[in-house]
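# Show me how the following folds:
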Amino acid sequence: MFTYLFNQGEVIFLKKSIRKIFILLLIATAIITSTAPSLTANAVNMPYVIYETKSSDYLGSGILYENIKKFTSKGWWHINVVRVDLTDEYAEIGGLFSNKGLSHRDSVSNLVKEKNAVAGINGDFFEYNPYSYSMGTFIEKGEVLSSPIERAYALPTFYLDVENNPDITFFDRSMTLTSLNSGQSIRISLINKAADMNMVTLLNKHWGPKSFGNKFNDEANGEMVELVVVDNVVQDIRIGKEAVSIPENGYVIAVRGSRKEPLLTNFNVGDEVKLSVGTTPNLENIKFAIGGGSIILKDGKIINSNINIKGDHPRTGIGITQDKKELIIVTIDGRDNSYKGVSQEVFAAILKDLGAYNAINLDGGGSTTMAVKPVDEQVVKVVNKPSDGGQRKVVNGVGIFSNAPKGELSYIKIDTDETNMFPNTSRRFIVKGYDQYHNPVEIDQNQVKYTFEGVGGEIEGNRFKAKSSGNVTVKADYLGISSTIDLRILDEIKSLIFPVDRFTLQPNEQKNIGTLYGIDKNGFKAKIYAEDLDWTVSGDIGYVENGIFYSKEKIGAGAITGRIGDSINNILVSVGSGKAIQIEGFEDINNFNITTYPNYVKGEINLSSTAKEGKNSLSLKYDFTQGEETRASYLMFTPDGKSGLALNGTPNKLSLWIKGDNNGAWLRGTIKDKNGDSHTLDFTKSLNSTDWQYVEANIPSNVVYPITLDRIYIVETDGAKKYSGEILLDSLMAAYPPSYDKIEVPTPSSFKDGKNIKSEKTENGFSFIVTRLPKDFQEVNQQAAIDKIRNKANSHNLSLFIGKTSAEFNKTIKSNKIINVGNPYKTHRYKNLMMVDASSAKGGIRSTNSQQWLWLKNSLANAEEDHILLFLNTPIFGTGGFTDKLEAELLHNTLVETFEKGKSIWVVYNGNTNKSELKDGIRYIELNSSKIEKPEDAKNIYSIEFIVNGKDITYQITN
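Predicted coordinates:
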């Protein structure tokens, strides 16, 4: 797996090809450079910034976390930063590695939690086969946890000395073991690394519980020799034996091949030995050190001292300010539809922009991870977006620790669920307190006094209820310390949104109704508390209290109705299940298949004559004796060769008979609904019996029927549990809820766009039309359709055609102005209407031409017109929309900001249907732009007809 190069008995690590790539190779397609530092990299071609936002929070005394998002001409930068004030006596930097040892990898979030850090990032490059170990230096409190590479071939190391002075340099080391009896010494090449078994390697308690043992004995290199030292005395010399426990107060020296002879010749059991480990810089002065890949910033200049993985990728690094008083610990995400990553040179420039004068890059790519623990939370959070889709387990990392004592209350923060709300709804507040070190301080919520300024409302305890639309500032006072929060009261609720339209539960059960929302006339959405609605229940099936539905004893169906003002919505409810129907008897083996995960898990299915019902049951055999990850054996339903067992109707529960083996495996299932979404079922958490058991699984209430049962499976998630066994399955049943057919409910209120109406022009008003004249009309002989479009256009003052129209056709249009849209960026103006023609043809505005963003922002900022109409080739959201979802969100928010300055905003785009949507004040209108291939396709040609009377504008989609 490695290529080894030798120089004076030392090994240089050069990676050839494995999944986790090392020195000189981190990405299989990357171009690697390892040359002298280059100062030409200071001519970095930086993209221009279109938009940026930053938030920050203290994690402890002298420890500030920053989240930065920049939308650039090359895509999004998602930058996470932890700034550490090295002059703060309570802020500490240290190493992260598993309590199980350096040979055991773990996620950054687990390492942060395990070490009680407030933040952490991934660390050095590493190998994981046959053992996990870091490539470079790892030192903690003057002890070498993992040795540096020889100075001549070393990679750079970040370190912090005992005076808290940071630096980045190349370490050298001297490591020897001397027998005080023979006076002979051997040179130690590696500490806690499994790089080369032919090199003398020291393994101590930080490595893990066991030595290498005989795992690497082979014909070419002979047997492994392991010298066990306890309290500086040789306790045992083992040749070719199994792994030995590494002593707590000692170590194991391991080697094979030609270098084992000096060990066997000069060291004997009972010898007193002296271990000498030194480094340059001096080990005694090192508080913490960790290896990296390259110095990327030196005295303010961008360089590449060693490894440079070409291309845009996720990156992790540490920067040092010029005065050496602050560390800047940074990650940037990549390999994502939105977050593209950056080159190493651009990463260096980002660190410099953040204030670094010197910087080193650590392992990146899929390893890049930052996790933080907010001061008032107990859960460690991953704040970046790892490119593998989840955290990659790493060997080590950099931890940030706060050792500040608990102080007195210094400041408070007021918080609530959401700052948007509606009239006649409420918000509850909570106050959080902190000391001068940003440690949380307990607050007596009953002693907090709330007041407010702004539109009408009332406060009772910690609850504010709004009476009218507008803005409100709520102030909290506690022991002479205050904090404020701003609320926006939207317009009256026009429609209620419930999380589900139906659910099922059993008699005498309870179910939280869930999160409720409302929508106002402009399409703004906000959360509503359940207690702000009036609730009624039909069907005598139960009652609602504090947002929870409680069912009664009897089986039946009914509905929950919620009301506020004129807005109404319903949830259909079934209590209990009706008669169960058998859907699979497990009599035909051809209806099933088996798969396993991982692929080394063995499994087998057969029919068994031991049955609960009928002639046979199905036997599922499995072997979970290998591996430490989650293991599963899946019974796949394949009736008539189809994928999945289709379930008729709307079942709310599945059940079956199971004969377990008392191994404690988890029995689960997976169904797929109409939308293609998968849902997991739980039959039983533990198969802890060998008798026949009747097990049930409720079908989630949010499925969209019809549904298909894909599989039933057993799974073991605990890597320490290893076993094999057999279970029997029989008589799979589906239960159906009571029918809703006879339930009468009030008609729910529906949202209607108040601008989507027919209106008339006033004396000073004007009208315009947006339509299209497909070039293929003539090919299908649709002169009548052309005449219809012409006549419509001639009834308006302004005609906007999506796509080109011929000069001949234009001559027949008698309106004052004709505009063809669908071109590269251009603005048009007519009276108090501004039209912006932009292109999203390549999956978004930026990817088509990033300069469009600058032009659009300028057009919106300087618009004097009352109405703004934006044309795009594609939808912004959903199918066929922007490939970069964050860009889609940014465009929407940019338009909302303009709307809130008093402009009316409209977006018209090509699509496959004709529809309109009002969202947060922005009207999105889709026009069917399907190709005209036959005469009847002409009926798909629709138009948008607008009436503008000063600042008022209305529209209709017409055929």
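# give the contact list for Tyr434.
Val375, Asp376, Leu409, Ser410, Tyr411, Ile412, Lys413, Pro440, Val441 (CB atoms under 8 Å, 6 or more residues apart in numbering). Glycine gets a C-beta too; all of them are placed from N, C-alpha and C.
# chain center to stretch 363-380: distance?
Relative to its chain's centre, stretch 363-380 lies at 12 Å (CA atoms, centre = their mean, to the nearest Å).
# Give me the buried stretch members for it, please.
Residues 363-375, 380 are the ones in stretch 363-380 that count as buried (16 or more other CB atoms under 10 Å).
# Looking at it now, give me its mean pLDDT.
The pLDDT scores in stretch 363-380 average 97.
# could you measure the residue nearest to Ser402 when sequence neighbours are not counted against Tyr740, distance?
Of all residues not flanking Ser402 in the chain, Gly60 sits nearest, at 2.7 Å (CB to CB, 6 or more residues apart in numbering). To Tyr740, Gly60 is 55 Å away according to CB to CB, to the nearest Å.
# Looking at these two now, which is surrounded by more residues?
A count of neighbours by other CB atoms under 10 Å puts Gly60 above the other of Gly60 and Tyr740, at 25 against 16.
# related to what we said a few turns ago, show me what contacts the residue nearest to Ser402?
Going by CB under 8 Å, 6+ apart, Gly60 touches Tyr90, Ala91, Val118, Val375, Ile400, Phe401, Ser402, Ala404, Tyr437, His438, Asn439.
# cool, Tyr58 as well?
Going by CB under 8 Å, 6+ apart, Tyr58 touches Leu64, Tyr65, Val375, His438.
# next SSE after the strand or helix carrying Arg923?
Using DSSP states H and E, Arg923 sits within strand 922-928. Counting by DSSP H and E, the next helix or strand C-terminal to strand 922-928 is strand 943-949.
# angle of that following strand against strand 922-928?
Computed by axes from the mean of the first three to the mean of the last three CA atoms, to 10 degrees, the angle separating strand 943-949 from strand 922-928 equals 150 degrees.
# Roughly how far does the residue nearest to Ser402 sit from Trp535?
From Gly60 to Trp535 the distance is 45 Å (CB to CB).
# Please report how far the nearest residue to Ile876 once chain neighbours are set aside lies from Gly565.
Leaving aside its chain neighbours, Ile876 sits nearest to Ala888 (4.8 Å; criterion: CB to CB, 6+ apart). For Ala888, the distance to Gly565 equals 32 Å [CB to CB].
# So which of the two has more stuff around it?
It is Ala888, of Ala888 and Gly565, that has more neighbours when counted by other CB under 10 Å, with 20 against 17.
# For whichever strand or helix holds the more buried one, list the C-alpha coordinates in CSV.
According to DSSP H and E, Ala888 maps onto helix 885-899. Written as CSV, here are the backbone C-alpha positions of helix 885-899 (Å, rounded to 0.1, in the frame of the first residue of the first chain):
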residue,chain,number,x,y,z
LYS,A,885,-30.6,26.0,-3.8
LEU,A,886,-28.8,28.6,-1.8
GLU,A,887,-28.7,30.9,-4.8
ALA,A,888,-32.4,30.4,-5.3
GLU,A,889,-33.0,31.3,-1.7
LEU,A,890,-30.7,34.4,-2.0
LEU,A,891,-32.6,35.6,-5.1
HIS,A,892,-35.9,35.3,-3.3
ASN,A,893,-34.6,37.1,-0.3
THR,A,894,-33.1,39.9,-2.5
LEU,A,895,-36.5,40.3,-4.1
VAL,A,896,-38.3,40.4,-0.7
GLU,A,897,-36.0,43.2,0.5
THR,A,898,-37.0,45.2,-2.6
PHE,A,899,-40.7,44.4,-2.0
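# out of everything not next to it in sequence, what's closest to Asn249?
Spatial nearest neighbour of Asn249, chain neighbours left out: Asp231 (5.7 Å); criterion: CB to CB, 6+ apart.
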